[in-house]
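Enquirer: Sequence and predicted structure below; questions after.
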Amino acid sequence: NAGVMQNPRHLVRRRGQEARLRCSPMKGHSHVYWYRQLPEEGLKFMVYLQKENIIDESGMPKERFSAEFPKEGPSILRIQQVVRGDSAAYFCASSPNWDSYNSPLHFGNGTRLTVT
Amino acid sequence: AQSVTQLDSQVPVFEEAPVELRCNYSSSVSVYLFWYVQYPNQGLQLLLKYLSGSTLVESINGFEAEFNKSQTSFHLRKPSVHISDTAEYFCAVSDRLIQGAQKLVFGQGTRLTINP
């Protein structure tokens, strides 16, 4: 049973370019979370999605960032016009349903974004 | 608002020595507490969790943590560490009352280094 798959593992973008990060949740999981880890900091919640719905985006920056989880295919975190401050590790996590603590979050290995 | 403070950013110990990683939280409602471990270049893995019941929880690899409501703490301990325990450890809290039940608030992390 494959775990949460994120790609690419490493992504380098120049300032002003777009970054697209992909996340395929574990099989049978319909809930996806995106977290960002800035250097020397803990993970910060960004957004929580279910299929075709954004449930909670309270941690998303107001501009340039967007996320989707379509009916088919992976969840996508999109960052437009990247700046150096966007350099971080972006982690995706999935869970089978929203109210079960017996099913902990399963994290992917992350995408490390470097903006030059 | 919830917050988590991990008092030590780095903890170096010798192999087979005991270790305690400290975690304090603040929350105005009932909380659920977690410890995650992150090995180099990997995602986070759940180590143990407190949901309810016994305040002492254990993991399969010898770690334990005790929920202390009066001191708002959830310190992680291991009586004898091994080289393979070298990793970064994150304490996290979740508030079940919010819509995204797995929306975790993480501490800054503690880097545990085991020296031979």
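Expert: Ah, there it is.

Enquirer: just the strands in chain A please.
Expert: Using DSSP state E, the strands of chain A run over residues A:5-7, A:10-13, A:19-24, A:31-37, A:43-50, A:53-56, A:65-68, A:75-79, A:88-95, A:106-107, A:111-115.

Enquirer: Quick one: those strands as a markdown table, columns for distance to B:Tyr32 and mean neighbour count too.
Expert: For every residue, glycine as well, the C-beta is placed using N, CA and C. Converted to a markdown table, those look like this (distance: least, Cβ to Cβ, whole Å; neighbours: other Cβ atoms under 10 Å in any protein chain shown):
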| stretch | distance to B:Tyr32 | mean neighbour count |
| --- | --- | --- |
| strand A:5-7 | 25 | 18 |
| strand A:10-13 | 33 | 15 |
| strand A:19-24 | 24 | 20 |
| strand A:31-37 | 15 | 24 |
| strand A:43-50 | 15 | 22 |
| strand A:53-56 | 17 | 14 |
| strand A:65-68 | 25 | 18 |
| strand A:75-79 | 24 | 20 |
| strand A:88-95 | 13 | 24 |
| strand A:106-107 | 17 | 21 |
| strand A:111-115 | 27 | 18 |
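
Enquirer: From chain A, how far out is B:Leu44?
Expert: B:Leu44 sits 4 Å away from chain A, going by Cβ to the nearest Cβ, to the nearest Å.

Enquirer: For that residue, name its beta-bridge partners.
Expert: Beta bridges link B:Leu44 to B:Gln38, judged by DSSP bridges.
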